[in-house]
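Asks: Predicted model and sequence below, questions to follow.
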There are 2 protein chains.
Amino acid sequence: MLRSCAARLRPLLVAHGRPGGARLTSTFSFEEVTQKDHALPKPSWSKDLRLLFDQFMKKCEDGSWERLPSCSRHSVQRFQNFTKAFFSGSIPVKEEQISQAKFFPRSFEDGLGFEYAMFWSKDEKRIVCLFQGGLYLQGIPGFLHGGALVTLIDTTLGTHAMLAGGAVMTANLSINFKRPMPLCSVGVINTQLDKIEGRKLFVSCNIQSVDEKTVYTEGTGLFIKLEPGKTLV
Amino acid sequence: MLRSCAARLRPLLVAHGRPGGARLTSTFSFEEVTQKDHALPKPSWSKDLRLLFDQFMKKCEDGSWERLPSCSRHSVQRFQNFTKAFFSGSIPVKEEQISQAKFFPRSFEDGLGFEYAMFWSKDEKRIVCLFQGGLYLQGIPGFLHGGALVTLIDTTLGTHAMLAGGAVMTANLSINFKRPMPLCSVGVINTQLDKIEGRKLFVSCNIQSVDEKTVYTEGTGLFIKLEPGKTLV
């Protein structure tokens, strides 16, 4: 299950799927799962996050939910293929730097930044992202920076849009910050696909506390499907 | 000049100023400038960023512009004062962890994350933020993560709102991503205050390339002035 899920996500944004389809076919070289999966419990996870994670892992047992694995780096090959396919200009990154680049939400040391795991329900067509915001994500004293919350929202909504429509780019995000979220607390992001209009996918979400009594943030996202052979810039 | 500017920003979000006023009066203990100022050139800055920075430093010489200093940590005292004043619940951060917390946009090692410096024109009432997005801020291969751009937008618009209205919180951000921004490239954020309605401040900005030929992103923000003695949650 996990491997098939990993294999499905591996081509990530350089893949093109059918709307609502379960299978994505890569237009580039397919990568094997060789990197560390970060969406698994670590000593830095709080008890709350671990308990929630265990509850969702239980839901995965009958196949109604799937855990989505996550890595921190792209291969040099994918970097080159992607930029060649979708970008006509030059990128100011030296070749020896490419392998050092990290996926932003996975670029912190364990526990200091974003700790999160996503689960996908194929039947309900929604993602639940469980997360904990570490000490390096502070905005005003004691609370998470708005940009940190938006980073997780963009990542989670983007993953939902990708599962529904293949390779996508974020076109718009609109975020309402309802209550400030305390540093080091645990939150739950719930996504839903609102509609698809041609190449446009409209997805939305909220961020709640574990006990569901507090809604911290609400967000909507518009994602555009990428077209093979058509450069972005 | 720099010191007076540092002194004005030091009370940051625990201060209350008059709309459009130049002076903010802290409601809490005033902190001296003891921390490292991160908004200054470093070896990791690209030639483009350094050139732009030098141009704006020249504009500061006649007093029409001011460089805004930036630090990465709050003091334990400010943390405690702020959460006591605006937060009625408990924050799941142990006392020994408070001094380890870092301001999110300043939480990376030099060159890997956000490198930025802001300049404020009192006469034109606008901020220009010069920045470079490092290798740890990647979204799709070769480009900055949308969340990284929103983090800088929230920080810059929030600073503008604070200079115009004192202590504020972000209530809404709406971001249009026009073109993906290449990793390690240099961008310029230009802000403007659109209107003030009671406790609401509406600010907006765009992110352009250095040559002003490419608009990467446009954003609007709604910020709410905090009221002394009224808790947020």
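Replies: Yep, that arrived. Numbering: from 1, shown residues only, chains lettered A, B, ... in the order given.
Asks: CA atoms for contacts and neighbours, from now on please.
Replies: Fine.
Asks: Contacts only, for residue A:36.
Replies: A:71-72 (Cα atoms under 8 Å, 6 or more residues apart in numbering or on different chains).
Asks: repeat that with 7 Å
Replies: Taking Cα atoms under 7 Å, 6 or more residues apart in numbering or on different chains, we find residue A:36 in contact with residue A:71.
Asks: gap between it and chain B?
Replies: Distance of residue A:36 to chain B, given as Cα to the nearest Cα, to the nearest Å: 17 Å.
Asks: pLDDT value on that residue, please?
Replies: What the model reports as pLDDT for residue A:36 is 87.
Asks: Helix, strand, or coil at it?
Replies: Put simply, residue A:36 is coil when judged by DSSP: H, G, I helix; E, B strand; the rest coil.
Asks: how many neighbours does residue A:118 have?
Replies: 23 (other Cα atoms under 10 Å in any protein chain shown).
Asks: what's the distance between the residue nearest to it when sequence neighbours are not counted and chain B?
Replies: Sequence neighbours aside, residue A:129 is the residue nearest to residue A:118 in space, at 4.2 Å (criterion: Cα to Cα, 6 or more residues apart in numbering or on different chains). Distance from residue A:129 to chain B, counting by Cα to the nearest Cα: 16 Å.
Asks: same question, residue A:219
Replies: 10 Å.
Asks: Now do the contacts for that residue.
Replies: So residue A:219 contacts A:174-176, A:204-206 (Cα under 7 Å, 6+ apart).
Asks: Run through these and flag the ones next to chain B.
Replies: By Cα under 7 Å from any Cα of the partner chain, the members of the contacts of residue A:219 lying near chain B are A:174-176.
Asks: Please identify, among those, the one with the most neighbours.
Replies: If you rank the ones next to chain B among the contacts of residue A:219 by neighbour count (other Cα under 10 Å), residue A:175 sits at the top with 25 neighbours.
Asks: Look up which residues are beta-bridged to the residue nearest to residue A:40 when sequence neighbours are not counted.
Replies: Residue nearest to residue A:40 in three dimensions, not counting chain neighbours: residue A:117, with 6.9 Å by Cα to Cα, 6+ apart. Using DSSP bridges, the bridge partners assigned to residue A:117 are residue A:130.
Asks: Surely residue A:117 and residue A:129 touch.
Replies: Yes. Look at residue A:117 against residue A:129 with Cα atoms under 7 Å: they come within range, at 5.7 Å.
Asks: Show the contacting residues for the closest residue to residue A:65 other than its chain neighbours.
Replies: Closest residue to residue A:65 apart from its sequence neighbours, by Cα to Cα, 6+ apart: residue A:121 at 4.5 Å. By Cα under 7 Å, 6+ apart, the residues touching residue A:121 are A:64-66, A:127.
Asks: What is the end-to-end distance of stretch A:193-201?
Replies: Using Cα to Cα, to the nearest Å, the end-to-end distance of stretch A:193-201 comes out at 8 Å.
Asks: Contacts for that stretch next, please.
Replies: So stretch A:193-201 is in contact with A:161, A:202-204, A:222-225, going by Cα under 7 Å, 6+ apart.
Asks: farthest-separated two in those residues?
Replies: Using Cα to Cα, the two most remote members of the contacts of stretch A:193-201 are A:204 and A:225, lying 16.6 Å apart.
Asks: Break down chain A into its strands, ranges please.
Replies: Assigned strands in chain A, in chain order: A:15-17, A:24-26, A:65-68, A:114-121, A:126-133, A:168-177, A:186-197, A:200-209, A:215-225 (criterion: DSSP state E).
Asks: Only C-alpha atoms, please: export the fifth one in CSV.
Replies: Just to be clear, that refers to strand A:126-133. Provided in CSV are the C-alpha atoms of strand A:126-133 (Å, rounded to 0.1, in the frame of the first residue of the first chain):
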residue,chain,number,x,y,z
ARG,A,126,-10.1,14.5,0.9
ILE,A,127,-6.8,14.9,2.6
VAL,A,128,-6.2,15.2,6.3
CYS,A,129,-2.8,16.7,7.2
LEU,A,130,-1.7,16.3,10.8
PHE,A,131,1.0,18.8,11.8
GLN,A,132,3.0,20.4,14.6
GLY,A,133,4.7,23.8,14.1
